[in-house]
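Asker: Let me see the structure of the following:
(4 chains)
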Protein chains: 4
Amino acid sequence: MYVVLNKSATSEEILELKRFIQKTGHGALEILDGSVRKIGIMGKKEGLGKEELKKFSIVKDVVKIGKPFKFVSREFKKEDTVIDIKGRKIGGTDLVLMAGPCSVESKEMMMETARVVKANGGEFLRGGAFKPRTSPYDFQGLGEEGLKYMREACDKYNLLMVTEVMDTRDIELIDKYTDIFQVGARNMQNFSLLKELGKTDKPILLKRGLSATIKEFLMAAEYIVAFGNERVILCERGIRTFEVATRNTVDVNGIALLKEKSHLPIIIDASHGTGKRSLVEPVTLGCILAGADGAMVEIHQNPICALSDGEQSLNFEEFEVLCGKLKKTIEFKESLRCL
Amino acid sequence: MYVVLNKSATSEEILELKRFIQKTGHGALEILDGSVRKIGIMGKKEGLGKEELKKFSIVKDVVKIGKPFKFVSREFKKEDTVIDIKGRKIGGTDLVLMAGPCSVESKEMMMETARVVKANGGEFLRGGAFKPRTSPYDFQGLGEEGLKYMREACDKYNLLMVTEVMDTRDIELIDKYTDIFQVGARNMQNFSLLKELGKTDKPILLKRGLSATIKEFLMAAEYIVAFGNERVILCERGIRTFEVATRNTVDVNGIALLKEKSHLPIIIDASHGTGKRSLVEPVTLGCILAGADGAMVEIHQNPICALSDGEQSLNFEEFEVLCGKLKKTIEFKESLRCL
Amino acid sequence: MYVVLNKSATSEEILELKRFIQKTGHGALEILDGSVRKIGIMGKKEGLGKEELKKFSIVKDVVKIGKPFKFVSREFKKEDTVIDIKGRKIGGTDLVLMAGPCSVESKEMMMETARVVKANGGEFLRGGAFKPRTSPYDFQGLGEEGLKYMREACDKYNLLMVTEVMDTRDIELIDKYTDIFQVGARNMQNFSLLKELGKTDKPILLKRGLSATIKEFLMAAEYIVAFGNERVILCERGIRTFEVATRNTVDVNGIALLKEKSHLPIIIDASHGTGKRSLVEPVTLGCILAGADGAMVEIHQNPICALSDGEQSLNFEEFEVLCGKLKKTIEFKESLRCL
Amino acid sequence: MYVVLNKSATSEEILELKRFIQKTGHGALEILDGSVRKIGIMGKKEGLGKEELKKFSIVKDVVKIGKPFKFVSREFKKEDTVIDIKGRKIGGTDLVLMAGPCSVESKEMMMETARVVKANGGEFLRGGAFKPRTSPYDFQGLGEEGLKYMREACDKYNLLMVTEVMDTRDIELIDKYTDIFQVGARNMQNFSLLKELGKTDKPILLKRGLSATIKEFLMAAEYIVAFGNERVILCERGIRTFEVATRNTVDVNGIALLKEKSHLPIIIDASHGTGKRSLVEPVTLGCILAGADGAMVEIHQNPICALSDGEQSLNFEEFEVLCGKLKKTIEFKESLRCL
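Answerer: So this is what the prediction gives:
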């Protein structure tokens, strides 16, 4: 349920209404949808009637949301959400490019990678310090040391940092370093983690689970929003199907559908989505045109020597080519929109 | 296995070599790969040695093909195959757009559809006269009557006709009318049908099976080539996954991978691929950029009244918009290639 | 739609009613459901009203069938269908065991296999003379020669023959030899083939398609029934999923569900279902207890030398052990039913 | 890698060897495999050579394990693992039946359920106090209150308690109440949780992830073992496939394969596996015969009123029938083994 406010509503009046909503045990999510101000009423289904809300003179309308995913839906908010992080925008027409290695391996590596990302117009450095590995005997990441290397590299090159959090107990630590929390595919329905991240004030990059439906994906995003953090970035990274020629199957339908059903920005990660270096470029560009707002790619100075995911990492030359084409594709997409 | 010929080889010499190959019980598939002439040797694995072939002075090299799919692979032919049908080219830089209704419903309908297809720059009219329906109680198509309507419409508007064949016994009949035989997803591994179509001299549009791997898809194409018809057009139309929000899942990875592994042209059918009208445009455009050489779309004057597949059919206005964007996307893709 | 007849109805009266139904362009499928006689009215949805039928004094009731699959459903027939072929019964409490090699390789092989099948209580010999192979370069079966070997072996050991038909043009030929037509997984939605087999008078063993839903599977069976042949045996042989450790995933849920939704008998083929020799026994027995009425297994004198599917074929000793356990499992299942 | 000890090895000698192994930074997992004593050497791949180990006179052999899953594999331990919890055994020939509601709803409910479980020969009470729900707006469980109700009911009826843990931060609390920690399907690759549970001393019931391969499932179990807790119970609860007629697809092949590849006990949860009350019995029994060591079922006094998962819960009468058949099936399975 949400209320539509009159244009003339003053901040004092809005604040009064929000306090009233909160007193009834509901959350109040204030948004600007184009030029329309709305307040989402989150939580219990019962206890707060349309009539009570309509008594407030600033309330123009009270609207029920039909979908199970509510505040992430286009029913609630028609306009695309643009997430602003220190001036960099995700969800608009800017180039959004998150690049870096699968695992943080050393300080030198992160510095060199950051330099290359920046030089190619990227604004985000990705890298894993805490790694979810299928085998307990595989490299599990550098931990806090890795976070420090990333932060230093980001500070030097004025990049934003994106890194994965796997455990509610690590949120506080990672929060000291990162700009964006990443939730990995295997944790998409780790509801404890989603709830805690809902209480943080940093954007969350939420990766789609390997066998999550679009509905479940949006419901996971809804968890984060329902617990207080509306800055969620969706990330399609391929789903698991019968096909074995590629690591996963990028759901390009899903990208177009998410764009239709939700106002949240969407990022394509074709590195995990395909698992094959040679497919990263065509699939990234295709998905951008199908609706994605940006791309995440794994890059490595020397993919053959990568501690993890070398087969799907671009080297720096391949990355440079991709960046050039990505910029042109975003411009082209914008030109189609204006037709 | 294939042989690479010397540039100086004369037609007489080539013919002599082909006759020799055929006498040993093998097929001989002559192609021009860029400026290099090759002869594919198809069939039994044994019986014809490298040495015997090298005795021919025009034979420059004899090469083994490692892949299970042989003559459809890039190992055999590096350059993209361009299929020329009455002057229209599939697999090059021309706009390839196959449009029409799911089922042929009437003569008027086909005439009006053909007019619209032509007006928007399309060169191919699609439509089903023999329909594979899940239920025996559903409309099974108009049969030969439908073929006649299509042919008439194609002749009037100078379009090429694409229609499905489901039964070896129907090939002769359909051959009288169509320009391209379509093999539906449910018949992708109907090997009897593939073999018979390999003996025809018309291009085959081969749709990927609902749960066919890329390898199986290429092996099905290989059947047609092995039986004598190298003019195969691949068509990605979505695979079956756990996702229920869309009818199928378009495998955009698969398109990029097919383009890498095979020299055959690829068409995207986002109507069946998504099952949702609103997703046809973004998914078609995205797949073109990811590697597809053309698009197939279901269109209907009045989708709500369609006898089948109304939910995924574009109306004529939506089709016009798609055509405009498709042309621009093909140009844009070409501009990226030249970077 | 079907009519329930009064117990007192005479053959003359029933015949009269059937002729009336047929005159309206519908099929009339007479069955005995326990002690209740019913006539299924197949075909067009319109044109024959309840009222007209109720005018016949022998008509006790006229019932609509809600499901899309109609005459294969429990709504139409509550009691299990038992198919009697030359005295051997499929769908009751008898042991149903169909065994033999993937491909017929020689006469000696079929003779020896038939002897072993008979010695272990089997009543059906399976084997492929026309083989659907993924690659055009693989062994495609012995054709009619293979059929002859099978027939001879069946005649000698008094077994029933089960073999695959892949092409409508082969039905006549195969009909001369076989007792049961098998439709392979890849042809489950080869509707032309299903229709033609509906016109034959021999039982059809219909294998579930690799990615066919239970509903589609029953609809395929419905095709055969709707075209005149109600003797369909369903065969679960594994579906295609993301799991790569086994060739397919046997859908044990599907077996239990088919038993609930349909009156047709069901056979489990754990050879194709698992693709691994060591799993054939546990999965066969488990599926029998979950509802399957019989088993199909690939056996081979020397699996390592099999021309196809050696990895999933039992040798004769393993087959003997399986047979002993299978008999006991069928008895045990019957004892549970009587609890 | 593991060492096989001489039969004559004394406890002092074994302890000395274990200390030596631990000093090198490896874990030492001592097991009895039939009558053979072995020590698994867990952890880093390098640093401890065969030669060093063979210097100990009690070391009979040093063996490498080829599989990626090591200490859960049959390569390490040939005999089935039997987990003893307060005298109740999982993995042997005893009836293992874990039953209870999806969610703990009230004290009365748990008391009544416990009474029924015990009366039917069950030894384990299951129920969720912390619930992983797809929607943030659904009932999330009673929390500690629910744990108390379960504990009280278990104490009164002398049952063992099984309940889910979703968050590393909850382990300490739940540990005060439960006998077995359950890891849900959505957390199967929550590696932080697996590691922490590896440090506890209670058995872990590990549910297979919705799209986890058998290999990934065993690797998740390996995590728990590698971090110190070898008492892992595997639970097949259905995987996600294209089939929509059932909630999930029970992987009966997987059960048989797990039994072959691993020495750990396996439980079948056909309630989640099928999602349909009527299928729980046939699928449970079938899976027991295919290899499962026990069953988990959801039961509810009044399934229609259940706060969650009512459609798949048995009522008490259905449960009684299942219990009777389950006991007979376990006996029958044992009789087959002795053939």
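
Asker: wait, isn't A:M150 in contact with A:M161?
Answerer: Yes - with contacts counted by Cβ atoms under 8 Å, A:M150 reaches A:M161, the gap being 5.3 Å. Using the backbone N, CA and C atoms, a C-beta is placed for each residue, glycine as well.

Asker: Tell me how many other residues surround the single nearest residue of the stretch 201-339 of chain A relative to chain D.
Answerer: For the stretch 201-339 of chain A, the residue closest to chain D is A:S211, as judged by Cβ to the nearest Cβ, at 3.4 Å. Neighbour count of A:S211, defined by other Cβ atoms under 10 Å in any protein chain shown: 22.

Asker: Contact partners for it?
Answerer: A:I239, A:R240, B:F242, C:F242, D:L210, D:S211, D:R240 (Cβ atoms under 8 Å, 6 or more residues apart in numbering or on different chains).

Asker: which residue packs closest to it, ignoring adjacent ones?
Answerer: Nearest-residue entry for A:S211: D:S211, 3.4 Å, with adjacent residues in sequence omitted and distances by Cβ to Cβ, 6 or more residues apart in numbering or on different chains.

Asker: on that earlier part again, which one of the contacts of A:S211 is nearest to A:A226?
Answerer: D:L210 (22.7 Å; Cβ to Cβ).

Asker: where's the closest one relative to C:V252, distance?
Answerer: 17 Å (Cβ to Cβ, to the nearest Å).

Asker: Give me the phi and psi for A:G87.
Answerer: Main-chain dihedrals, A:G87, degrees, to the nearest 10: phi 90, psi -10.

Asker: nope, A:H263 is what I meant
Answerer: Dihedral angles (degrees, to the nearest 10) for A:H263: phi -90, psi 0.

Asker: Then the one 5 residues further on?
Answerer: Here is the backbone geometry of A:I268 (degrees, to the nearest 10): phi -100, psi 130.

Asker: Chain A: helices as residue ranges?
Answerer: Taking DSSP state H as the criterion, chain A contains helices spanning A:11-23, A:50-54, A:107-119, A:144-157, A:171-175, A:191-198, A:214-226, A:252-261, A:270-274, A:277-290, A:316-337.

Asker: Reformat those helices into CSV and put distance to chain C next to each item.
Answerer: Converted to CSV, the helices of chain A look like this (distance: least, Cβ to the nearest Cβ, whole Å):
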stretch, distance to chain C
helix A:11-23, 44
helix A:50-54, 38
helix A:107-119, 33
helix A:144-157, 31
helix A:171-175, 31
helix A:191-198, 24
helix A:214-226, 17
helix A:252-261, 17
helix A:270-274, 15
helix A:277-290, 19
helix A:316-337, 29
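
Asker: Deepest-packed of those helices, please.
Answerer: Mean neighbour count (mean count of other Cβ atoms under 10 Å in any protein chain shown) peaks for helix A:270-274 among those, with a mean of 29.

Asker: Can you tell me what sits against that helix?
Answerer: A:185, A:236-238, A:246-250, A:279-280, A:283-284, A:287, A:295-298, A:309, A:312-314, B:253, B:256.

Asker: And that helix, how far out from the chain middle?
Answerer: Distance of helix A:270-274 from the chain centroid (Cα atoms, centre = their mean, to the nearest Å) equals 16 Å.

Asker: got it, and stretch A:238-257?
Answerer: 18 Å.

Asker: Okay, buried residues for it please.
Answerer: A:238-243, A:245-257 (16 or more other Cβ atoms under 10 Å in any protein chain shown).

Asker: Break chain A down into its domains, please.
Answerer: A:2-63, A:83-337 (automatic domain parsing).

Asker: Switch these over to a markdown table, and while doing so, append distance to B:L193 to every line.
Answerer: Shown next, in a markdown table, are these (distance: least, Cβ to Cβ, whole Å):
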| stretch | distance to B:L193 |
| --- | --- |
| domain A:2-63 | 54 |
| domain A:83-337 | 23 |
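
Asker: mean pLDDT lowest for which of the ones you listed?
Answerer: Here these differ in mean pLDDT, and the lowest is domain A:2-63 at a mean of 92.

Asker: And the residue nearest the centre of chain A, how far from A:V183?
Answerer: Residue closest to the mean C-alpha point of chain A, counted by Cα atoms, centre = their mean, is A:I233 at 1.9 Å. Distance, A:I233 to A:V183, using Cβ to Cβ: 10 Å.

Asker: Quickly list what's touching both of these two.
Answerer: A:I204, A:L205, A:L206.

Asker: wait, isn't the second one in contact with A:G184?
Answerer: I take that to be A:L205. No - with contact defined as Cβ under 8 Å, A:L205 does not reach A:G184; the gap is 9.6 Å.

Asker: So which bits of the stretch 101-250 of chain A are right by chain B?
Answerer: A:211, A:213-215, A:238-239, A:241-246, A:248-250 (Cβ under 8 Å from any Cβ of the partner chain).

Asker: change it to 7 Å
Answerer: A:211, A:213-215, A:239, A:241-246, A:249-250 (Cβ under 7 Å from any Cβ of the partner chain).
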